[in-house]
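> sharing a sequence plus its predicted fold:
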Amino acid sequence: MSNKVNNEVKFSWEYLKSVMQTLDSYKVRALIDAKEEIIECEVYDEEEYNKILLKLIDEERIKYQLYNYLRNNQTLNLSNLEAFSEDYDLLLRKTLSLAYLLEKEQLITIQEVYEKNENAEGGSKKIFKDLVVSVDDVNLTSIKPIYEPVKVIFDSEICSGCGICAGICPVDCIMIKNGFGEIDDDKCIRCGLCYHVCPRSYLPVDILNMYQDNVSEYKDYGKIGTFKEAYCARTKIDEIREVCQDGGVSSTALYYLLDNNIVDLALGAKMGEKLWCPEPTIIESKEDILNTAGTKYVNNPNLMLLNQVGPEKKVAVVGVPCMMQALLKSKIFDIDIPSLTNVKYRIGIFCMESFPYQEGFLKICEKLNVDVENVKKTDINKGKFFIYTKDGEELSVPIKEVTSLAREDCEVCFDLTSESADISIGSIGAPSGWNAVLVRTEEGKELYQALLENDLIESKPIDEVKPGLPLLIKIANSKRKKSNSHISKKKENNQKYPQY
Ligand code: SF4
Ligand code: SF4
Ligand code: SF4
């Protein structure tokens with residue numbers, strides 16, 4: 001009996017301590033201090049503001065409870081985190097995500113321990129063994145807050161241009177134009193929410209994979225991330241087939257979701273006022289879908305439209321890997337931002353790199369001696385950038401010769417196949433006129449099944465086609481290697497780099 005009371009007293013003390021730390025948390029303080037400015041701005045109404053603040057307080061409180069728990073223990077490893085998860089009724093992957101944040105805040109250090117496993121062919125494989133967690137003895141209030149406005153990401157040329165920061169900023173002070181962002185410093189309340197959701201500030205890739213795979217284990221997910229099933233597919237809808245890039249599966253998925261009122265709208269990219277310069281757009285009808293079909297290789301911040309999605313709307317997002325990362329990261333570190341909780345489907349597109357409009361795409365047109373007005377379709381395939389003209393010509397240039405025109409910010413991107421999506425769709429690995437499709441989550445699986453059951457697509461297992469997954473894995477690996485080498489260079493030169 002006395003033991004029980006002691007535990008309760010200990011728990012209460014730790015609880016109170018974590019509440020105090022939470023109220024001192026940089027993000028919480030910034031949101032409380034700027035309540036008036038936020039409500040005045042009308043991005044969030046008072047009820048939404050209260051929900052975001054309370055959820056943030058809750059998340060911060062659990063994080064500091066974990067911190068205090070770790071401080072009170074001598075030997076710290078994965079089993080301590082498992083014990084904490086059990087005590088607080090959390091999934092281990094949730095606890096790991098909180099530990100990851102504590103590490104980013106420089107309150108703890110986490111070391112992953114691997115062992116080498118020799119295989120029969122004489123090679124070896126790294127197998128995850130344990131975590132070693134050490135608690136740094138610091139005064140919490142003296143820590144420089146890591147949650148700074150994403151100006152630091154823009155300035156260090158690692159911004160992917162995904163647009164999520166502009167889409168959630170509570171005072172609407174971020175503008176992304178031509179793929180590059182700007183912050184109105186006079187309006188910014190320095191709440192750090194943009195940094196919190198940005199895929200280029202910090203991105204716990206292991207934990208993203210755990211959420212995708214619905215497990216709490218450190219595993220090697222290879223070069224294309226976790227997936228349940230892989231197919232080769234193409235649309236059966238004639239109108240989509242006429243305008244689509246390859247197999248039209250992403251447009252068909254949108255058609256199914258909107259036509260059956262499973263989502264109210266989708267975010268995607270349409271051709272802008274300037275030819276071949278895409279703009280983010282809200283897709284609500286079949287006509288809108290047809291207007292957005294076809295790949296555009298110019299960067300486009302689709303997620304900045306999140307702040308135009310009304311309340312209670314169910315949303316699908318079609319976008320490139322960095323957008324899928326931003327959405328999954330925000331789901332893991334969820335703070336009840338209404339537009340983000342409304343996202344029901346993440347439809348990811350394969351992406352090798354993207355180009356700025358003026359200094360990239362138009363320069364490629366110049367190189368191929370084609371007027372932008374005459375461009376009918378663009379494609380990256382078999383190591384070449386293709387332009388198909390309205391006059392029926394097929395022009396191409398080796399990717400190697402134009403890769404220097406790609407966005408510098410894309411150089412640090414490791415993800416080819418939208419590893420954080422529910423379903424990933426692209427052309428690499430599929431025969432001409434078809435899509436390769438990776439079904440990654442339960443939501444993705446249900447969606448793909450529905451497309452089949454409604455006779456909207458033709459589908460075969462990807463193993464039955466050439467070039468198939470081996471080519472996809474090979475190209476994904478080369479993107480990873482390039483990204484690693486660019487990140488190493490940034491480290492050597494003491495430049496800011498994304499924390500994957
Ligand atoms: S720019 Fe970032 S830090 Fe500034 S108000 Fe917007 S979300 Fe907050
Ligand atoms: S990567 Fe996305 S969230 Fe981060 S700064 Fe760029 S646009 Fe904003
Ligand atoms: S290469 Fe990466 S960062 Fe660049 S647009 Fe594609 S997914 Fe985004």
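Great, that's in hand. Residues are numbered from 1 along each chain as shown. Ligands and ions are numbered 1, 2, ... in the order given.

> how about residue 14, nearest residue that isn't a chain neighbour?
What sits nearest to residue 14 in space, not counting adjacent residues and going by Cβ to Cβ, 6 or more residues apart in numbering, is residue 68, at 5.0 Å. For glycine as for every other residue, the C-beta is placed from the backbone atoms N, C-alpha and C.

> isn't the one you found up against residue 19?
No - checked against Cβ atoms under 8 Å, the pair residue 68 and residue 19 is beyond contact range at 10.9 Å.

> surely the residue nearest to residue 14 forms part of a helix?
Yes - assessed with DSSP: H, G, I helix; E, B strand; the rest coil, residue 68 lies in a helix.

> excluding covalently adjacent residues, which one is nearest to the spatially most central residue of the chain?
Among the residues of the chain, residue 325 comes closest to the average C-alpha position under Cα atoms, centre = their mean, at 1.1 Å. Nearest in space to residue 325, with sequence neighbours left out and distances taken as Cβ to Cβ, 6+ apart, is residue 199 at 4.0 Å.

> show me what residue of the stretch 101-250 of the chain gets nearest to ligand 3.
For the stretch 101-250 of the chain, the residue closest to ligand 3 is residue 160, as judged by Cβ to the nearest ligand atom, at 3.5 Å.

> report the secondary structure state of that residue.
With three-state DSSP as the basis, residue 160 sits in coil.

> model confidence for the residue lying closest to it once chain neighbours are set aside, exactly?
Distances taken as Cβ to Cβ, 6+ apart put residue 322 closest to residue 160, at 3.6 Å, once the chain neighbours are dropped. We note a pLDDT of 97 for residue 322 in this prediction.

> hey, where'd the helices end up in the stretch 351-500 of the chain?
Ranges of helices in the stretch 351-500 of the chain, per DSSP state H, counting those that start in this stretch, are 362-367, 399-402, 442-453, 469-492.

> do the same with the stretch 51-200 of the chain
Residue ranges of the helices in the stretch 51-200 of the chain, as given by DSSP H, counting those that start in this stretch, are 78-87, 92-104, 151-155, 164-168, 193-197.

> in the third one, what's buried?
Same thing as helix 151-155. Applying a neighbour-count criterion of 16 or more other Cβ atoms under 10 Å, the buried positions in helix 151-155 are 151, 153-154.

> cool, and the first one?
Judged by neighbour count (16+ other Cβ under 10 Å), helix 78-87 contains these buried residues: 78, 80-81, 84-85.

> what's the closest of those residues to residue 473?
residue 78 (29.5 Å; Cβ to Cβ).

> list the contacts for the closest one?
For residue 78, the residues meeting the contact criterion (Cβ atoms under 8 Å, 6 or more residues apart in numbering) are 130-131.

> can you tell me how far it sits from residue 296?
Using Cβ to Cβ, to the nearest Å, we find residue 78 at a distance of 44 Å from residue 296.

> just residue 354 next, same as before
For residue 354, the distance to residue 296 - Cβ to Cβ - is 9 Å.
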